[in-house]
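Asker: Predicted structure and sequence below. I'll ask about it afterward.
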Amino acid sequence: MTLTIWISLFFVCLLGAMSPGPSLAMVAKHSLAGGRANGLAAAWAHAIGIGIYAFITLIGLAVVLQQSPLLFKTISYAGAAYLAYLGYNALRSKGGVAAKLESGEQTSLWQSAREGFLISILSPKISLFFIALFSQFIAVGSDPLSKMLIVTTPLLVDGLWYTLVTFLLSTPRFIDKIRTKAQLIDRLSGIILILLAARVVLTV
């Protein structure tokens, strides 16, 4: 895997982590309600779930590519359609990021970690996102180092992003800035996702 391809993987993983959804709501909830330790527990448990999903998806797609290139191409096109769907929804979103910042009741560190793990490992949307994402990189990442990077990159990006979210949520002034820029974040995410979908269609 070349540095250029890895940078592409990195930014797509970052975009996936940043996109508003149940995961952001969950980390925000535990950070605001339980404090920084609860937020970090939820964030890294979520990242472990992401890493497991990444590994399973990588192995599965590798098998599909080897046994049925036509099926692999079909999965890739379906993944591209899903990315385009996410992008379209993001473009139509009204303050999606800010809308996901919500508080909740006090919980233990174990409860925060458990919820963080389950919300990632049980989400069908995350599975679809990884299929769409990895279908682009599986063909160029057949060696062991590339496979390791394909699995560890989303895990670390996810964990570090939600760690940043947890720390920033302890600064009320920054939350106000997020709210004012929420629509801009959604619009940029939508454009990038649609461009990524087009890239899949053109390169498969």
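Answerer: Yep, it's here.
Asker: Residues touching stretch 40-53, excluding its own?
Answerer: Residues outside stretch 40-53 that contact it (CB atoms under 8 Å, 6 or more residues apart in numbering) are 23, 26-27, 30-31, 109-110, 112-121, 126-127, 130, 151-152, 154-156, 158-159, 162-163, 165-166. Where C-beta positions appear, they are placed from N, C-alpha and C, glycine not excepted.
Asker: mind checking the longest helix of the chain?
Answerer: Looking across the chain with DSSP state H, the single longest helix is helix 36-67.
Asker: buried stuff in that helix?
Answerer: 38-51, 53-55, 57-58, 60-62, 64-65 (16 or more other CB atoms under 10 Å).
Asker: returning to that earlier point: what about burial for the contacts of stretch 40-53, which qualify?
Answerer: For the contacts of stretch 40-53, buried by 16+ other CB under 10 Å: 23, 26-27, 30-31, 109, 112-113, 115-117, 119-121, 126, 130, 151, 154-155, 158-159, 162-163, 165-166.
Asker: Strands - which of the contacts of stretch 40-53 land there?
Answerer: Here DSSP state E is the test, and the contacts of stretch 40-53 give no hits in strands at all.
Asker: Leu109: what's its closest spatial neighbour, skipping adjacent residues?
Answerer: Ala41 (4.6 Å; CB to CB, 6 or more residues apart in numbering).
Asker: can you pull the contacts of Leu133?
Answerer: Leu133 makes contacts with 9, 12-13, 16, 79, 154, as judged by CB under 8 Å, 6+ apart.
Asker: 10 Å - rerun?
Answerer: Neighbouring residues of Leu133 by CB atoms under 10 Å, 6 or more residues apart in numbering: 9, 12-13, 15-16, 54, 57, 79, 83, 150, 154, 196, 200.
Asker: Helices of this protein, start to end?
Answerer: 3-18, 22-34, 36-67, 69-92, 96-99, 109-121, 124-137, 144-168, 172-180, 182-203.
Asker: and these, which one is worst for confidence?
Answerer: Note on these: helix 96-99 shows the lowest mean pLDDT, a mean of 45.
Asker: wait, isn't Ser23 in contact with Ser120?
Answerer: Yes: contact criterion CB atoms under 10 Å: Ser23 and Ser120 qualify, at 6.5 Å.
Asker: Overlap in contacts, the two.
Answerer: Joint contacts of Ser23 and Ser120 (CB under 10 Å, 6+ apart) are 46, 49-50, 126, 158.
Asker: Look up how far Phe130 lies from Thr74.
Answerer: 16 Å (CB to CB, to the nearest Å).
Asker: How about Val27?
Answerer: In terms of CB to CB, Val27 sits 19 Å off from Phe130.
Asker: and if you look at Phe167?
Answerer: The value you get for Phe167 to Phe130, if CB to CB is used, is 26 Å.
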